[in-house]
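**Student:** Predicted model and sequence follow; I will ask about them next.
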Amino acid sequence: MNSKALIRIVVVLVLIGAIAWAATFRDELSPEAIQAWVSSFGYWGPVVFIGIYAIASVLFLPGSVLTLTGGALFGPVLGTLYNLSGATIGATLAFLIARYLASDWVEQKAGGRLKRLFDGVEQEGWKFVAFVRLVPVFPFNLLNYALGLTKIRLSHYIIASFICMLPGGFAYTYLGFAGKEALAGGDDLLQKGLLALGLLAAVAFLPSMIKRMRKQTDAEKVVD
(Lines give C-alpha, C1' and ligand atoms only; values in the text may rest on other atoms or scores of the structure.)
Protein backbone atom coordinates (compact mmCIF):
# COMPACT_ATOMS: atom_id res chain seq x y z
CA MET A 1 0.00 0.00 0.00
CA ASN A 2 1.49 3.35 -1.04
CA SER A 3 1.56 6.40 1.21
CA LYS A 4 -1.16 8.24 -0.71
CA ALA A 5 -3.63 5.37 -0.28
CA LEU A 6 -2.75 5.14 3.42
CA ILE A 7 -3.37 8.85 3.90
CA ARG A 8 -6.77 8.52 2.23
CA ILE A 9 -7.74 5.63 4.49
CA VAL A 10 -6.68 7.56 7.59
CA VAL A 11 -8.60 10.65 6.47
CA VAL A 12 -11.77 8.63 5.84
CA LEU A 13 -11.52 6.89 9.21
CA VAL A 14 -10.93 10.16 11.05
CA LEU A 15 -13.80 11.79 9.17
CA ILE A 16 -16.20 8.94 9.94
CA GLY A 17 -15.16 9.01 13.60
CA ALA A 18 -15.58 12.78 13.83
CA ILE A 19 -19.01 12.67 12.19
CA ALA A 20 -20.11 9.89 14.53
CA TRP A 21 -18.88 11.87 17.54
CA ALA A 22 -20.63 15.03 16.31
CA ALA A 23 -23.87 13.12 15.73
CA THR A 24 -23.74 11.76 19.27
CA PHE A 25 -23.34 15.18 20.88
CA ARG A 26 -25.33 17.30 18.40
CA ASP A 27 -28.12 17.86 20.94
CA GLU A 28 -25.65 19.78 23.09
CA LEU A 29 -25.09 22.25 20.24
CA SER A 30 -27.69 24.67 21.58
CA PRO A 31 -27.75 28.39 20.74
CA GLU A 32 -27.23 29.25 24.39
CA ALA A 33 -24.11 27.06 24.69
CA ILE A 34 -22.63 28.44 21.47
CA GLN A 35 -23.31 32.05 22.47
CA ALA A 36 -21.72 31.59 25.89
CA TRP A 37 -18.63 29.91 24.46
CA VAL A 38 -18.11 32.36 21.60
CA SER A 39 -18.67 35.38 23.86
CA SER A 40 -15.97 34.11 26.22
CA PHE A 41 -13.34 34.76 23.51
CA GLY A 42 -14.01 38.50 23.39
CA TYR A 43 -12.62 40.14 20.25
CA TRP A 44 -11.74 36.72 18.85
CA GLY A 45 -15.36 35.65 19.10
CA PRO A 46 -16.18 36.17 15.38
CA VAL A 47 -13.13 34.13 14.31
CA VAL A 48 -14.05 31.34 16.72
CA PHE A 49 -17.63 31.39 15.50
CA ILE A 50 -16.59 31.15 11.84
CA GLY A 51 -14.33 28.23 12.75
CA ILE A 52 -17.16 26.44 14.58
CA TYR A 53 -19.47 26.94 11.60
CA ALA A 54 -16.86 25.61 9.17
CA ILE A 55 -16.17 22.50 11.27
CA ALA A 56 -19.91 21.91 11.72
CA SER A 57 -20.39 21.92 7.95
CA VAL A 58 -17.65 19.34 7.50
CA LEU A 59 -19.14 17.12 10.22
CA PHE A 60 -22.73 17.18 8.91
CA LEU A 61 -24.05 19.21 11.84
CA PRO A 62 -27.16 21.34 11.19
CA GLY A 63 -26.23 24.84 10.05
CA SER A 64 -29.62 26.35 10.89
CA VAL A 65 -28.85 26.47 14.62
CA LEU A 66 -25.55 28.22 13.97
CA THR A 67 -27.12 30.66 11.50
CA LEU A 68 -29.75 31.70 14.02
CA THR A 69 -27.06 32.00 16.69
CA GLY A 70 -24.93 34.17 14.40
CA GLY A 71 -27.83 36.58 14.01
CA ALA A 72 -28.41 36.70 17.76
CA LEU A 73 -24.74 37.26 18.52
CA PHE A 74 -23.65 39.69 15.80
CA GLY A 75 -26.79 41.24 14.32
CA PRO A 76 -28.21 40.90 10.80
CA VAL A 77 -25.32 42.41 8.82
CA LEU A 78 -22.18 41.10 10.53
CA GLY A 79 -24.06 37.93 11.45
CA THR A 80 -24.79 37.25 7.78
CA LEU A 81 -21.17 37.90 6.86
CA TYR A 82 -19.83 35.56 9.56
CA ASN A 83 -22.43 32.89 8.82
CA LEU A 84 -21.68 32.91 5.09
CA SER A 85 -17.94 32.95 5.73
CA GLY A 86 -18.16 29.91 8.00
CA ALA A 87 -20.52 28.05 5.67
CA THR A 88 -18.35 28.78 2.63
CA ILE A 89 -15.12 27.75 4.35
CA GLY A 90 -16.77 24.54 5.57
CA ALA A 91 -18.23 23.85 2.13
CA THR A 92 -14.80 24.39 0.56
CA LEU A 93 -13.10 22.05 3.03
CA ALA A 94 -15.67 19.33 2.34
CA PHE A 95 -15.24 19.89 -1.41
CA LEU A 96 -11.46 19.50 -1.18
CA ILE A 97 -11.68 16.43 1.07
CA ALA A 98 -13.96 14.74 -1.45
CA ARG A 99 -11.88 15.71 -4.46
CA TYR A 100 -8.49 14.69 -3.14
CA LEU A 101 -8.86 12.37 -0.16
CA ALA A 102 -12.22 10.64 0.30
CA SER A 103 -13.82 10.20 -3.11
CA ASP A 104 -14.83 6.54 -2.57
CA TRP A 105 -16.56 7.32 0.72
CA VAL A 106 -18.43 10.27 -0.80
CA GLU A 107 -19.57 8.16 -3.76
CA GLN A 108 -20.97 5.61 -1.33
CA LYS A 109 -22.81 8.28 0.68
CA ALA A 110 -24.20 10.11 -2.35
CA GLY A 111 -25.28 7.00 -4.25
CA GLY A 112 -27.28 7.44 -7.44
CA ARG A 113 -27.65 11.20 -6.95
CA LEU A 114 -24.10 11.72 -8.22
CA LYS A 115 -25.09 11.17 -11.86
CA ARG A 116 -27.50 14.08 -11.67
CA LEU A 117 -24.75 16.28 -10.27
CA PHE A 118 -22.24 15.16 -12.90
CA ASP A 119 -24.70 15.78 -15.72
CA GLY A 120 -25.76 19.14 -14.32
CA VAL A 121 -22.22 20.45 -13.86
CA GLU A 122 -21.20 19.09 -17.27
CA GLN A 123 -24.05 20.95 -18.98
CA GLU A 124 -24.26 24.15 -16.94
CA GLY A 125 -21.08 24.53 -14.87
CA TRP A 126 -21.34 27.13 -12.12
CA LYS A 127 -24.98 27.83 -13.03
CA PHE A 128 -25.91 24.36 -11.82
CA VAL A 129 -24.05 24.95 -8.55
CA ALA A 130 -26.02 28.19 -8.16
CA PHE A 131 -29.26 26.30 -8.81
CA VAL A 132 -28.67 23.56 -6.23
CA ARG A 133 -27.65 26.17 -3.66
CA LEU A 134 -30.86 28.12 -4.17
CA VAL A 135 -33.12 25.09 -4.56
CA PRO A 136 -32.63 22.45 -1.80
CA VAL A 137 -32.59 19.42 -4.11
CA PHE A 138 -29.72 17.85 -2.11
CA PRO A 139 -28.89 18.05 1.62
CA PHE A 140 -26.49 20.96 2.11
CA ASN A 141 -23.66 19.13 3.85
CA LEU A 142 -23.74 16.12 1.53
CA LEU A 143 -23.87 18.45 -1.49
CA ASN A 144 -20.59 20.05 -0.41
CA TYR A 145 -18.84 16.70 -0.60
CA ALA A 146 -20.63 15.47 -3.73
CA LEU A 147 -19.73 18.55 -5.76
CA GLY A 148 -16.07 17.82 -5.02
CA LEU A 149 -16.33 14.79 -7.30
CA THR A 150 -17.51 16.86 -10.27
CA LYS A 151 -15.30 18.81 -12.68
CA ILE A 152 -16.40 22.22 -11.44
CA ARG A 153 -13.52 24.65 -10.87
CA LEU A 154 -12.87 25.43 -7.23
CA SER A 155 -13.10 29.21 -7.76
CA HIS A 156 -16.48 28.89 -9.53
CA TYR A 157 -17.73 26.61 -6.76
CA ILE A 158 -16.73 29.04 -4.00
CA ILE A 159 -18.15 32.16 -5.67
CA ALA A 160 -21.43 30.52 -6.72
CA SER A 161 -21.85 28.99 -3.26
CA PHE A 162 -21.20 32.23 -1.38
CA ILE A 163 -23.52 34.36 -3.50
CA CYS A 164 -26.36 31.85 -3.75
CA MET A 165 -26.33 30.99 -0.05
CA LEU A 166 -26.85 34.71 0.69
CA PRO A 167 -30.70 34.89 0.48
CA GLY A 168 -31.34 32.02 2.88
CA GLY A 169 -28.39 33.00 5.05
CA PHE A 170 -29.64 36.55 5.51
CA ALA A 171 -33.23 35.44 6.18
CA TYR A 172 -32.28 33.01 8.95
CA THR A 173 -29.67 35.37 10.38
CA TYR A 174 -32.29 38.10 10.64
CA LEU A 175 -34.68 35.64 12.27
CA GLY A 176 -32.05 34.92 14.93
CA PHE A 177 -31.54 38.66 15.46
CA ALA A 178 -35.30 39.32 15.68
CA GLY A 179 -35.71 36.45 18.14
CA LYS A 180 -33.07 37.88 20.44
CA GLU A 181 -34.65 41.34 20.24
CA ALA A 182 -38.03 39.86 21.11
CA LEU A 183 -36.64 38.10 24.17
CA ALA A 184 -34.84 41.28 25.25
CA GLY A 185 -37.92 43.44 24.72
CA GLY A 186 -36.26 45.69 22.13
CA ASP A 187 -37.91 48.46 20.11
CA ASP A 188 -40.00 47.97 16.94
CA LEU A 189 -40.64 44.31 17.70
CA LEU A 190 -43.68 44.12 15.40
CA GLN A 191 -41.80 45.62 12.48
CA LYS A 192 -38.81 43.32 12.98
CA GLY A 193 -41.04 40.29 13.38
CA LEU A 194 -42.95 41.06 10.19
CA LEU A 195 -39.72 41.62 8.30
CA ALA A 196 -38.37 38.27 9.52
CA LEU A 197 -41.54 36.50 8.41
CA GLY A 198 -41.41 38.27 5.06
CA LEU A 199 -37.83 37.19 4.47
CA LEU A 200 -38.63 33.58 5.36
CA ALA A 201 -41.64 33.63 3.02
CA ALA A 202 -39.48 35.01 0.20
CA VAL A 203 -36.85 32.30 0.73
CA ALA A 204 -39.56 29.62 0.82
CA PHE A 205 -41.01 30.94 -2.46
CA LEU A 206 -37.64 31.30 -4.18
CA PRO A 207 -37.13 27.60 -5.13
CA SER A 208 -40.47 27.31 -6.92
CA MET A 209 -39.84 30.57 -8.78
CA ILE A 210 -36.40 29.41 -9.91
CA LYS A 211 -37.79 26.06 -11.05
CA ARG A 212 -40.41 27.83 -13.17
CA MET A 213 -37.77 30.09 -14.68
CA ARG A 214 -35.61 27.08 -15.56
CA LYS A 215 -38.55 25.29 -17.16
CA GLN A 216 -39.39 28.39 -19.18
CA THR A 217 -35.77 28.72 -20.30
CA ASP A 218 -35.60 25.05 -21.28
CA ALA A 219 -38.84 25.39 -23.24
CA GLU A 220 -37.49 28.42 -25.11
CA LYS A 221 -34.36 26.49 -26.00
CA VAL A 222 -36.47 23.69 -27.45
CA VAL A 223 -38.48 26.18 -29.52
CA ASP A 224 -35.32 27.85 -30.79
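**Tutor:** Yes, it's here. As the structure is a computational prediction, the values presented were derived from the model and not from experiment.

**Student:** Please enumerate the helices of the protein.
**Tutor:** 3-24, 31-39, 45-58, 63-100, 103-110, 113-124, 126-134, 140-147, 154-164, 166-184, 189-223 (DSSP state H).

**Student:** what about Asp188, neighbour count?
**Tutor:** The number of residues packed near Asp188 is 11, by other C-beta atoms under 10 Å. To be clear about C-beta, it is placed using only N, CA and C from the backbone, and glycine gets the same treatment.

**Student:** distance of it from Asn83?
**Tutor:** Distance, Asp188 to Asn83, using C-beta to C-beta, to the nearest Å: 23 Å.

**Student:** now do Phe95
**Tutor:** Counting by C-beta to C-beta, the gap from Phe95 to Asn83 is 18 Å.

**Student:** Name the residue in those two with the higher neighbour count.
**Tutor:** Neighbours were counted for Phe95 and for Asn83 using other C-beta under 10 Å; Asn83 has more, 29 against 23.

**Student:** And that one, how close does it get to Pro62?
**Tutor:** To Pro62, Asn83 is 13 Å away according to C-beta to C-beta.

**Student:** neighbours around the residue lying closest to Leu68 once chain neighbours are set aside, how many?
**Tutor:** Excluding its sequence neighbours, the residue lying closest to Leu68 (C-beta to C-beta, 6 or more residues apart in numbering) is Gly176, at 3.5 Å. Around Gly176 there are 26 other residues, counting by other C-beta under 10 Å.

**Student:** quick revisit: would you mind reformatting the helices of the chain (as CSV) and adding columns for mean pLDDT while you're at it?
**Tutor:** Converted to CSV, the helices of the chain look like this (pLDDT from 0 to 100):
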stretch, mean pLDDT
helix 3-24, 64
helix 31-39, 84
helix 45-58, 92
helix 63-100, 92
helix 103-110, 74
helix 113-124, 80
helix 126-134, 85
helix 140-147, 87
helix 154-164, 93
helix 166-184, 86
helix 189-223, 69
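
**Student:** Count the residues that sit near the closest residue to Ala196 other than its chain neighbours.
**Tutor:** Once flanking residues are discounted, Ala196 sits nearest to Ala178: 4.2 Å by C-beta to C-beta, 6+ apart. Other residues lying near Ala178 total 25 when counted by other C-beta under 10 Å.

**Student:** I appreciate the help and will end here.
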